[in-house]
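*Asks:* Make a model of this:
(one chain, ligands or ions: 1)
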Amino acid sequence: MSSCPSQVFPVVWYENSVLLIDQTRLPHEYGFVEIHRCEDMAQAIKTMIVRGAPAIGVAAAYGMYLGGRAIQTQNRDEFLHQLEEVAVMLRATRPTAVNLFWAIARMLKTAYETLGSVAEIQQALLQTAQTINAEDLHTCQAIGDRGLEVLPSTPEKLNILTHCNAGALATAGYGTALGVVRCAWAKGRLARVYADETRPRLQGAKLTAWECVQDGIPVTLITDSMAAHCMQRGLIHAVVVGADRIAANGDTANKIGTYSLAIVAQAHNIPFFVAAPRSTIDFSLASGSEIPIEERDASEIYAIGDTTITPEGVEFYNPAFDVTPADLITAIITEYGAFAPNQLQEKLQANLV
Ligand code: MRU
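*Replies:* Take a look at the predicted model:
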């Protein structure tokens, strides 16, 4: 297994509550929000204090535990009924990242399969949330190792372009796309990361840049519109991005702007990789057109910080994700290996905890 561990853990179980790194305040402030109640966890997911598909899944799992812990009844059926209501609330936070729904389903499965008292179910819920958290760390490290096997061999060290933040902050603490980057760095194969700033919420500028600086990985920040130019100039050897939901045919939803990046990568004959855990693949959806795309508040577009940058009378459209068609994707790097998008079903449909 590769080194270059991250020291950043966005979701931590600590003394009977959950500590979340407040990602809305990075890079200027590094601090934690303490979460005791499932309602507060739902709000933290909605407001993107915690964000990134796998991290959302881990947070939701703890949210299910916190919700279960607060249920007063000793009656098993009534407990399960109320836990279903907690699940409904958490599912309503963000629609695109399927890890949210996967983690909630796994927590409900634990509850239904634990035959015992309500206290025993509650204990089992905590254990499953902690397992989901720990597993994600190992999964991301495996994704990093698998990614290293498919990165292009070049005489010089690689420049990798990434979009949004698919790093430690977006997972349990290592990263998917940035996990591949970390492995490449640890093995001396990386020259630098080019990070798209990622309008409108600037996860690249604020979070990816911060993470790379923390770990001493050379990073060059560009605005999203500079990616094609950098490719044309020969500055980019590969693109590696994360995913929020991958349909059975390999179509991939990820942060808005990923699709245009894939088009320009193809135009310049540059390999385009998606790095994601098996839990991000949704085999119930045949293609990307079925993936729900979150629309967020217009203020993300018309304001920078507290400053409004647009004139009165303009209308806005703010989709948070787009879908990259499978035929633009060189390979999908999972913890089980890297596969062409059209191999996913054959290779992976059976593997899911
Ligand atoms: O809106 P966000 O910041 O939650 O979007 C995050 C992304 O699009 C990531 O690329 C994706 O969730 C993968 S994170 C490993």
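
*Asks:* show me the contacts for L148.
*Replies:* If you count contacts by CB atoms under 8 Å, 6 or more residues apart in numbering, L148 has them with 2, 180, 183-184, 187, 189. (Each C-beta comes from the backbone N, C-alpha and C, glycine too.)

*Asks:* and the residue of the stretch 251-353 of the chain found nearest the ligand, what is it in contact with?
*Replies:* At 3.3 Å from the ligand, K255 is the closest residue in the stretch 251-353 of the chain, using CB to the nearest ligand atom. Counting by CB under 8 Å, 6+ apart, K255 touches 163-164, 198, 203, 241-242, 244, 320-322.

*Asks:* Just the ones of the residues you listed in helices?
*Replies:* Q203 (DSSP state H).

*Asks:* Go back to the contacts of K255 and keep what's next to the ligand.
*Replies:* The subset of the contacts of K255 within reach of the ligand, by CB under 6 Å from any ligand atom, is 164, 203, 242, 244, 320.

*Asks:* Verify the stated contact: the last one with E295.
*Replies:* Yes: in this structure, A320 is within contact of E295 by CB atoms under 8 Å, at 6.9 Å.

*Asks:* which one of these two has more residues nearby?
*Replies:* A320 (20 against 13; other CB atoms under 10 Å).

*Asks:* Let me see the contact set for P54.
*Replies:* Counting by CB under 8 Å, 6+ apart, P54 makes contact with 99, 136, 139-140, 170-172, 176, 277, 279-280.

*Asks:* Top of the residues you listed by number of neighbours, please.
*Replies:* T171 (35 neighbours).

*Asks:* For I256, see how far away it is.
*Replies:* According to CB to CB, to the nearest Å, T171 and I256 sit 20 Å apart.

*Asks:* Next, the buried residues of stretch 16-26.
*Replies:* In terms of neighbour count (16 or more other CB atoms under 10 Å), stretch 16-26 has its buried residues at 17-23, 26.

*Asks:* Show me which of those is closest to Q127.
*Replies:* Each of the buried residues of stretch 16-26 was scored against Q127 by CB to CB, and V18 proved nearest at 14.8 Å.
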